[in-house]
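Participant: Fold the following for me, if possible:
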Amino acid sequence: MTEETDIALRDGRTLHVYDTRGDGAAVFWLHGTPNTGAPPAPLFGPAADLGIRWVSYDRPGYGGSTRRPGRDVASAAGDVGAIADILGIDRFGVMGHSGGCPHALACDALLGERVSGAVCVAALAPVDADGLDWSAGMWPFGAAELHASMQGAAALERYFASNEWDPEQFTPADHAALEGEWSWLANVARLGTAGGPGGMIDDNIAYVGPWGFDLEQVRGPVLLVHGGQDRVAPSSHARWLVSRLRLAELWLSPDDGHISVLSSAAQALSWLRETFSRLPDGGTADTPRS
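Facilitator: Numbering: from 1, shown residues only. Here you go, the predicted structure:
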């Protein structure tokens with residue numbers, strides 16, 4: 001059962017937080033765009049088998065969390081750290097899907113030894129990635145949305161007002177996943193836009209601006225899980241990231257798209273659980289700790 005609560009931060013903002021409780025290893029779920037932060041229901045069974053406690057939150061501007069215009073990707077680390085402090089969680093893993101991936105990397109980079117490791121499913125690379133043709137392979141709808149983001153909030157709001165979402169940016173395998181186990185995503189996406197486009201606008205602008213940290217700061221182990229047919233975040237982004245991150249590996253699923261690649265998420269969660277047995281100095285312990 002997931003408990004929901006509102007947490008008041010020192011700067012006056014409120015974050016809406018989700019917590020499955022228990023004394024297992026804590027994993028923060030970092031949600032995509034535009035979603036709310038409810039932890040991933042399709043992974044509740046595997047998480048229970050692994051002894052994992054899900055913790056998550058609505059990013060600012062979504063659901064019950066106060067909007068924070070102008071936030072960058074790095075700001076997620078401060079929010080996650082504050083939630084962990086209030087809940088009394090010392091060490092935790094992070095797992096993101098799509099737009100949640102840069103935020104997961106921010107936590108790994110900026111929260112130091114508190115983060116055991118990070119899983120990034122269908123990740124975007126920074127827009128200024130050296131040597132990467134950033135929009136190559138993106139479906140035109142998604143590429144246009146992100147390029148509108150580069151022009152600022154007003155341009156992006158106009159883009160949303162005059163363009164309808166194009167389902168063709170998802171592959172047939174993605175649509176099959178959305179009609180099956182991952183239909184859960186459709187619900188959190190609906191909730192993510194129920195309060196207006198504010199959170200989505202702030203997310204997109206954060207993705208195409210300076211992230212607020214350098215990838216060289218990401219010191220914990222990172223698992224990149226990516227579909228070879230992804231039309232939202234092309235697999236070239238994952239290949240670029242794995243070549244730049246200090247301790248990273250890539251699981252590439254050639255036939256999967258942006259959503260269907262989540263079929264590998266349970267196995268990736270098992271990988272993340274194993275990072276709790278690694279000590280912060282790179283060694284290992286016989287007993288996993290949380």
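Participant: pLDDT below threshold where in the chain?
Facilitator: 279-290 (pLDDT under 70).
Participant: how near is the most centrally placed residue in it to Ser149?
Facilitator: Compute the mean C-alpha point of the chain, and by C-alpha atoms, centre = their mean the closest residue is Gly100, 1.6 Å away. Separation of Gly100 from Ser149 (C-beta to C-beta, to the nearest Å) stands at 17 Å. For every residue, glycine as well, the C-beta is placed using N, CA and C.
Participant: Then Cys107?
Facilitator: 22 Å.
Participant: the more surrounded of the two?
Facilitator: Neighbours of Cys107 and Ser149, each counted by other C-beta atoms under 10 Å, are more numerous for Cys107; the result is 29 against 23.
Participant: List every C-alpha atom in the helix or strand hosting that one, with coordinates, as CSV.
Facilitator: Per DSSP states H and E: Cys107 is located in helix 100-110. This file holds the C-alpha atoms of helix 100-110, laid out as CSV (Å, rounded to 0.1, in the frame of the first residue of the first chain):
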residue,chain,number,x,y,z
GLY,A,100,13.2,11.1,-15.0
CYS,A,101,16.6,10.0,-16.1
PRO,A,102,18.5,13.3,-16.1
HIS,A,103,17.0,13.9,-12.6
ALA,A,104,18.2,10.5,-11.5
LEU,A,105,21.7,11.3,-12.8
ALA,A,106,21.6,14.6,-10.8
CYS,A,107,20.9,12.7,-7.6
ASP,A,108,23.8,10.4,-8.3
ALA,A,109,26.1,13.3,-9.1
LEU,A,110,25.1,15.6,-6.2
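Participant: next helix or strand past it?
Facilitator: Assignment by DSSP H and E places the next element after helix 100-110 at strand 115-121.
Participant: Show me the contact partners of that following strand.
Facilitator: Residues outside strand 115-121 that contact it (C-beta atoms under 8 Å, 6 or more residues apart in numbering) are 25, 91-98, 101, 104-105, 107-108, 218, 220-226, 238, 241, 261-262, 264-265, 268-269, 271-272, 275-276, 278.
Participant: Can you say which of those residues are buried?
Facilitator: 25, 91-98, 101, 104-105, 107-108, 218, 220-226, 238, 241, 261-262, 264-265, 268-269, 271-272, 275-276, 278 (16 or more other C-beta atoms under 10 Å).
Participant: Among those residues, which lie within strands?
Facilitator: If you go by DSSP state E, those have Ala25, Phe92, Gly93, Val94, Met95, Gly96, His97, Val222, Leu223, Leu224, Val225, His226 in strands.
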